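With the sequence up front, the predicted model follows.
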Amino acid sequence: MRLLLTILIIATMAAIAEWFAPWWMAAIVACVAGYASRLSTGKAFLAGFCGIALLWLTFALWRDIPNHHILSTRMAQLFKLPSYILFIVVTAFLGGVLGGLAAWSGAHLRKLFHPAVSH
């Protein structure tokens, strides 16, 4: 239950942060959530990965569907990808890696500063 709650918190807070600040605020949000959630490092990575991947997938589709996939098709061609769908999947995956590593780092920071509290 804590894992699902952490995923939702990361996705929501990162969406708010990215609306007003640069894209890399997602990493800061995931790191703070990984620190505060008291999840194990593996579960913190999973929460950060799922939260940010879900967010970036949602943002990409929100921008891509109304313009009939024009920009994503051109970006896929630029990166020599076979379709715009793969470009969107790669975008979500890269966001997931960013969020996962940030939350994992936050969980390790918690273990460093509070070794008795960590699981």
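Here it is on my side, so go on.

Now the most centrally placed residue in the chain: which helix or strand?
Centroid-nearest residue in the chain, with Cα atoms, centre = their mean: I52, separated by 1.7 Å. Using DSSP states H and E, I52 sits in helix 41-64.

Over to S72?
Assigned by DSSP H and E, S72 falls in helix 70-78.

and that helix, which residues are buried?
Of the residues in helix 70-78, S72, T73, M75, A76 count as buried by neighbour count, 16 or more other Cβ atoms under 10 Å. Where you see a C-beta, it was placed from the backbone N, CA and C, and this is true even at glycine.

my read: A60 touches V90, true?
No. The criterion here is Cβ atoms under 8 Å, and A60 misses it with V90 at 10.0 Å.

re the thing from before, between which two of the buried residues of helix 70-78 is the distance greatest?
Farthest pair in these (Cβ to Cβ) is T73 and M75. Separation: 7.4 Å.

remind me, longest helix of the protein?
Criterion DSSP state H: the longest helix present in the chain is helix 84-113.

Now do the buried residues in that one.
For helix 84-113, the neighbour count (16+ other Cβ under 10 Å) marks 84, 87-88, 91-92, 95-96, 98-108, 110-111 as buried.

between it and helix 70-78, what angle do the directions make?
Per axes from the mean of the first three to the mean of the last three Cα atoms, to 10 degrees, the angle that helix 84-113 makes with helix 70-78 is 80 degrees.

For helix 84-113, what is the distance to the chain centroid?
The chain centre lies 5 Å from the centre of helix 84-113; the measure is Cα atoms, centre = their mean, to the nearest Å.

quick one, that helix and helix 41-64 angle?
150 degrees.

by contact count, what packs against helix 84-113?
Helices and strands touching helix 84-113, by 3 or more Cβ pairs under 8 Å, 6 or more residues apart in numbering; DSSP states H and E, are helix 2-20, helix 25-36, helix 41-64, helix 70-78.
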